[in-house]
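> Let's see this in three dimensions:
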Amino acid sequence: MYDTVSLKLLKEDIGDKYDWRSVFNKIDQTSEYKQVEGGSGHINGLRVSVTEKHVRVTGSLSKYFRGTNLDSLTLSQVEKAIKQLGKELGVPMIEADVERVDMAENFEMSRPPEFYISKMQSLGECCPNKWKGTTYFPSNGVLLRFYDKSKEVRKKRKNQKNTPGAFSTSVEQNLLRYEICFGKKAIRRMFGHQLKAKDLYDKDIFWRLVSEWLYSYDEIGIISDKLFDVSFEQIKTLSDFEEWCICIAHSVVGLPSFVKGRFSVRERSLGESNGNKKDGQDRQYHKRIQDKIRGAMKHFSGTMGKTELMQELTDKIEAYLTDKFENSPDAYNVREDSASVK
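As a prediction, the model looks like this:
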């Protein structure tokens, strides 16, 4: 599930024998810095930046180690990849600070990925942003991404016509990828400290990140296709009717983002004697409205259920994680964990 990482190894973690030119000469060089001693380049698909103070490596561990990120690396393979990278560069990359780590997985769907992604309406107060075929959800220091991975699969198949692939024709057409990106702040918030590269193949660390990956998906607001199939019993109270109307409006305009936009351009009177007080009241009103929207969506998604398409994706994610937790090489062995504590 690990994909893109950004690792920064400081000179003090390397030792006095560190020679940036020795590392620089081991990569495919693209440029040499003018303002500082150093330069940048690539090594097997990874971007490498080298200065007299640090070595930074960014890119997909899966593509570096296996040539593709269509299949996940096991934790054992992650360990081998990081140690192999350190050996190639001649520095202890296992001691590098993790500045970014992405968790990702592909899912074979029965319909085109866009059918599923279009059902995703919000994440907290954030509405999705779309750019070049990818849908983004920024939330609390992390970034969720959903997109159609099929294009890359088809391109790979075209370049390797005679090589047996791991995916069927149907997967080429309907491969949905879900990624989550954790930056430095999110990592520190989750673990209370910065992670080292060697922490990435620790099972406890890995499953904590996987849990956040699943939790973030579960928090995405989904508008049911059955929204107009409402019965009188579901809207017979004024509160239920208001929440139903909120969901209808949200399905059209994306209310959290719309309300936030109106709040950000509201008329302010901060220069007046009671300006700060009024601004504080506005913020409270804004929060109440956002809470009301979230409550309405939660209420109707709970009573009406997810769309069949989204239930299909949820079922696949849960089945995948259950199998990985119980049967994969990275399975969380409770007995093994208890023994390590002793």
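> Tell me the spatial nearest neighbour of residue 296, not counting adjacent residues.
Excluding the flanking residues, the one nearest residue 296 by C-beta to C-beta, 6 or more residues apart in numbering is residue 243, at 3.6 Å. Every C-beta, even on glycine, is put in place using the N, C-alpha and C of the backbone.
> For that neighbour, which residues are in contact?
When contacts are counted by C-beta atoms under 8 Å, 6 or more residues apart in numbering, residue 243 touches 295-296, 299-300.
> Low-confidence bits of the stretch 51-200 of the chain, can you list those?
Low-confidence segments of the stretch 51-200 of the chain, defined by pLDDT under 70, are located at 124-125, 156, 158-172.
> Name the next helix or strand downstream of the one helix or strand the residue nearest to residue 296 maps to, please.
Residue 243 belongs to helix 238-253 when assigned by DSSP states H and E. Note on helix 238-253: by DSSP H and E, the next helix or strand toward the C-terminus is helix 255-264.
> hmm, who's touching that following helix?
Helix 255-264 has contacts (C-beta under 8 Å, 6+ apart) with 122, 124-127, 246, 249-250, 282, 286, 289-290, 293-294.
> do that again at 10 Å, thanks
121-129, 221, 246-247, 249-250, 252-254, 282-283, 285-287, 289-290, 292-294, 296-297 (C-beta atoms under 10 Å, 6 or more residues apart in numbering).
> how's the protein carved up into domains?
As recorded under automatic domain parsing, the domains making up the chain are 2-222, 225-305.
> out of these, nearest to residue 315?
domain 2-222 (10.0 Å; C-beta to C-beta).
> can you give me how far the closest one is from the chain middle?
Taking the mean of its C-alpha atoms, domain 2-222 sits 10 Å from the chain's own mean (C-alpha atoms, centre = their mean, to the nearest Å).
> ends of it, how far apart?
Start and end residues of domain 2-222 are separated by 26 Å (C-alpha to C-alpha, to the nearest Å).
> And residue 261, how close does it get to residue 109?
To residue 109, residue 261 is 32 Å away according to C-beta to C-beta, to the nearest Å.
> Compare these two (neighbour count), which wins?
Set side by side, residue 261 and residue 109 give different neighbour counts by other C-beta atoms under 10 Å, the larger being at residue 109 (21 against 12).
> Verify the contact between the more buried one and residue 316 for me.
Yes. Applying C-beta atoms under 10 Å, one finds residue 109 in contact with residue 316, separated by 7.5 Å.
> shared neighbours of the two, anything?
With contacts taken as C-beta under 10 Å, 6+ apart, residue 109 and residue 316 have residue 176 as neighbours in common.
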